[in-house]
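# generate coordinates for the sequence data below:
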Amino acid sequence: MKNKVLAGKIAKSLFNIAKENDALLVVENDLTESSKSILNEQSFITLMNNPNILKEKKCQIIDAAFKGVNPYVVNVIKILANNLHVNLIDEVREDFQKLNNKFNKTQLVKVESVYKLTDEELEKVANAIKSKIKVDNVEIENVLDETLIGGLRISYDGKVIDSTIKARIQEMKNKLSTI
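Residues are numbered from 1 along each chain as shown. The predicted model follows:
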């Protein structure tokens, strides 16, 4: 819990400075890519979370590894490393993304389907979500799941709309088992 609070505070500070400097998009992109890079390198996490390595040395390594990355993002990585919390980078990214999406009135939506939806189908889903929850923008991640048989499962903000054939079969199965 303490780590989640810390990640949230760092994300909020990063969001505020990025917003003040009109750098939200660049910071979000760099933070996402940096987070992926860090999480894919367990040896980097181990090195940065090692209390025996001097902070100055960690900063030099980070500057070299993240050359070309937005300086606000680099500073966040340094803060996390110097406090032995570099493994929190993804929580910082998630919290930053939530703040940025709220600011931009954007909702992230996961749409699960048996096949890859066309742009037209994705646009219909996006428009339906926009009108339902009153947001300006919808970002859709189309995830393929052949076990659904047909239909869509739409997930956003902790809510799930399941109109899949698999869900209907399960519902009928449950009703029949009570008879």
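
# is the closest residue to Asn101 other than its chain neighbours in a bridge, and if so with what?
Nearest residue to Asn101 in three dimensions, chain neighbours excluded: Leu108, at 6.3 Å (Cβ to Cβ, 6 or more residues apart in numbering). For every residue, glycine as well, the C-beta is placed using N, CA and C. Applying DSSP bridges to Leu108 yields these beta-bridge partners: Glu139.

# what about Leu108, neighbour count?
15 (other Cβ atoms under 10 Å).

# who's in contact with the lowest-mean-pLDDT helix or strand in the chain?
Taking mean pLDDT, DSSP states H and E as the measure, the helix or strand of the chain with the lowest value is helix 165-177, at a mean of 88. Residues outside helix 165-177 that contact it (Cβ atoms under 8 Å, 6 or more residues apart in numbering) are Thr147, Leu148, Ile149, Gly150, Gly151, Arg153.

# pipe those into a markdown table and attach neighbour count per row.
As requested, the contacts of helix 165-177 are exported to a markdown table (neighbours: other Cβ atoms under 10 Å):
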| residue | neighbour count |
| --- | --- |
| Thr147 | 8 |
| Leu148 | 19 |
| Ile149 | 13 |
| Gly150 | 12 |
| Gly151 | 15 |
| Arg153 | 18 |
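
# including pLDDT and distance to Asp30, could those go into CSV?
Shown next, in CSV, are the contacts of helix 165-177 (pLDDT from 0 to 100; distance: Cβ to Cβ, whole Å):
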residue, pLDDT, distance to Asp30
Thr147, 91, 36
Leu148, 90, 35
Ile149, 88, 40
Gly150, 90, 40
Gly151, 90, 37
Arg153, 94, 32
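
# just the ones of those residues in strands?
Here DSSP state E is the test, and those give Arg153 as lying in strands.

# which one of the contacts of helix 165-177 is nearest Lys12?
Arg153 (31.8 Å; Cβ to Cβ).

# report the beta-bridge partners for that closest one.
According to DSSP bridges, beta-bridge pairing links Arg153 with Glu112, Asp162.

# so Asn3 sits right up against Leu88, yeah?
Yes. Contact criterion Cβ atoms under 8 Å: Asn3 and Leu88 qualify, at 5.8 Å.
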